[in-house]
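>>> Sequence and predicted structure below; questions after.
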Amino acid sequence: MKGFYGRNHLSNGNITGIGFTMSDAPATILLCMEDNDMMEITSVVLMPDPPKKGENLTVAINGYLKEPLEESAYLVAKVKKGGIKFPQFHVSICDYLSGGCPVAKGLQKLSMTFDIPSLIPGGGYEIDTEIFQPLSEENVVKNSHLLTKFTKFTKDFSMKDEDKRVLCLQGSIEF
């Protein structure tokens, strides 16, 4: 189990599982990391916290990047509301990172901003997010057509067997 803190440090007693619950917000963030992931996460901060409809959500992830994050890196997100699974989306992470790509090896703050639609139905959402980096140029060419904003998939899409995982987060957000 890796140590990890957010706006509220681990010493405040708000630990749940291998993640944390922020005591003053309905958002819960959990790590789903493995030792071979490319980034060791030390903190995750949501701004605003809690997220709000019709506003941008910025997610700041601090940690140690074990190798550079390249232009070919991508994010896969799975969203559920109750028993309803929304189509997954697969986007170029570089389109969302402040400062873009590449990102150098070492201590880093990955800051990403996403739009939250104002017409999103209220209630709780569960979000599983993974960032991957293709291991070979062949994967980049093969998957380049997928690296477009808001490309949606109706099947379960994951590149875990072919690509290297950078990081993994799970969250519960209430609107």
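Arrived safely, thanks for sending.
>>> What separation do you get for the residue nearest the centre of the chain and residue 106?
In the chain, the centroid-proximal residue (Cα atoms, centre = their mean) is residue 129; its distance is 4.2 Å. From residue 129 across to residue 106, the span is 22 Å (Cβ to Cβ, to the nearest Å). Where you see a C-beta, it was placed from the backbone N, CA and C, and this is true even at glycine.
>>> all strands of this structure, in order?
15-16, 19-21, 28-31, 39-47, 56-65, 74-81, 84-85, 88-92, 106-115, 124-134, 151-153, 163-174 (DSSP state E).
>>> For residue 99, which of those is the nearest?
strand 106-115 (7.8 Å; Cβ to Cβ).
>>> Give me the angle between the closest one and strand 56-65.
160 degrees (axes from the mean of the first three to the mean of the last three Cα atoms, to 10 degrees).
>>> Using JSON lines, lay out the strands of the chain together with distance to residue 100 and mean pLDDT.
What follows is the strands of the chain, written out as JSON lines (distance: least, Cβ to Cβ, whole Å; pLDDT from 0 to 100):
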{"stretch": "strand 15-16", "distance to residue 100": "34", "mean pLDDT": "32"}
{"stretch": "strand 19-21", "distance to residue 100": "28", "mean pLDDT": "41"}
{"stretch": "strand 28-31", "distance to residue 100": "24", "mean pLDDT": "86"}
{"stretch": "strand 39-47", "distance to residue 100": "17", "mean pLDDT": "92"}
{"stretch": "strand 56-65", "distance to residue 100": "15", "mean pLDDT": "94"}
{"stretch": "strand 74-81", "distance to residue 100": "14", "mean pLDDT": "92"}
{"stretch": "strand 84-85", "distance to residue 100": "31", "mean pLDDT": "92"}
{"stretch": "strand 88-92", "distance to residue 100": "10", "mean pLDDT": "89"}
{"stretch": "strand 106-115", "distance to residue 100": "11", "mean pLDDT": "94"}
{"stretch": "strand 124-134", "distance to residue 100": "14", "mean pLDDT": "92"}
{"stretch": "strand 151-153", "distance to residue 100": "19", "mean pLDDT": "37"}
{"stretch": "strand 163-174", "distance to residue 100": "15", "mean pLDDT": "90"}
